[in-house]
Structure formats: C-alpha cells, structure tokens
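Q: Kindly return the folded structure for what I paste below:
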Amino acid sequence: MLHSEITKENIQTMVVTFYTLILKDKTVAPFFIERLGDNLGTFLWKAHIELLTNFWTSIALGDTAYRGNPFAPHTRLHGLKRETFDQWLILFFGVVDGIYTPEVASQFKERSTIIAGNFMRNLHL
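A: You can find the predicted model right below:
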C-alpha cells in the first residue's frame, strides 16, 4: 500500500530502502562504500540513516531535528560526475514511487531534483 501521508516513520523506510538499493548500484555505491562501508548495520551507516531521515523530515515536514550542511560532504568526494547524480535521482525516484502515492512522490522528486541541481552547479559539474 502506498502512503498518501508523509511521516517520519515512512521517511525512515524510504531512506533505508534507498540506501539498500544504493549499495547494489555500480555507479553510486563506490562513493558511499568508500566513506561508510558496505553494511547498513554498522554504526557509521546507522548514523547516516538517522541523519538523512532527519534531513528529509526537515524538508517534508518542517521538523527541526536536522542539523548540518548537506552539501559539505560532497566537496570531499572525488570523481563525482553529472552521471552519478543522474543515477542517484533515478534510484531515488524509483524508491519514492514504491513508497508514496504519485502526489506525494512528486514532492520528493521535485525537491531532490532541485537539491541535485544545486549540488552539481556548486561542484561545477
């Protein structure tokens, strides 16, 4: 059943589902594996899942738990290309389509497209 309402719980499900998929993707996985490893059960991954859950909760629900700069870590990743962000978006869109109704999924797609565009522009990609 697709969610028609955004909650912190289904955002966390989205984030876990997304990063499970990310770790299987040959284009995007290496960037995450290099920094966090390949096991979502580790402390590093659990902290990342919590951080990203808070990030998306702040965007979607106005929650104030997220404290950070989402762009900064990307400046330390070598080899990022436009294609990396394109693949990230393809995977993200597939996950939100599988969790949310089309109306809700479109909100996440719009925000993620804007964020990816800003990151690419700021990284000169």
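
Q: buried ones in the helix ranked longest in the chain?
A: In terms of residue count, the longest helix belonging to the chain (DSSP state H) is helix 102-122. Judged by neighbour count using 16 or more other CB atoms under 10 Å, the buried positions of helix 102-122 are V104, A105, F108, K109, S112, I115, A116, F119, M120. Just so you know, the C-beta spots here come from the backbone N, C-alpha and C atoms, and that holds for glycine as well.

Q: so can I have JSON lines of these showing pLDDT and distance to A29?
A: Listed next are the buried residues of helix 102-122 as JSON lines, based on pLDDT from 0 to 100; distance: CB to CB, whole Å:
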{"residue": "V104", "pLDDT": "98", "distance to A29": "27"}
{"residue": "A105", "pLDDT": "98", "distance to A29": "23"}
{"residue": "F108", "pLDDT": "98", "distance to A29": "21"}
{"residue": "K109", "pLDDT": "98", "distance to A29": "22"}
{"residue": "S112", "pLDDT": "97", "distance to A29": "18"}
{"residue": "I115", "pLDDT": "95", "distance to A29": "20"}
{"residue": "A116", "pLDDT": "96", "distance to A29": "17"}
{"residue": "F119", "pLDDT": "93", "distance to A29": "18"}
{"residue": "M120", "pLDDT": "93", "distance to A29": "19"}
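
Q: Serialize those residues to CSV and add fields for distance to T64.
A: Shown next, in CSV, are the buried residues of helix 102-122 (distance: CB to CB, whole Å):
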residue, distance to T64
V104, 21
A105, 24
F108, 19
K109, 24
S112, 21
I115, 18
A116, 24
F119, 23
M120, 27
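
Q: tally of neighbours for P70?
A: 15 (other CB atoms under 10 Å).
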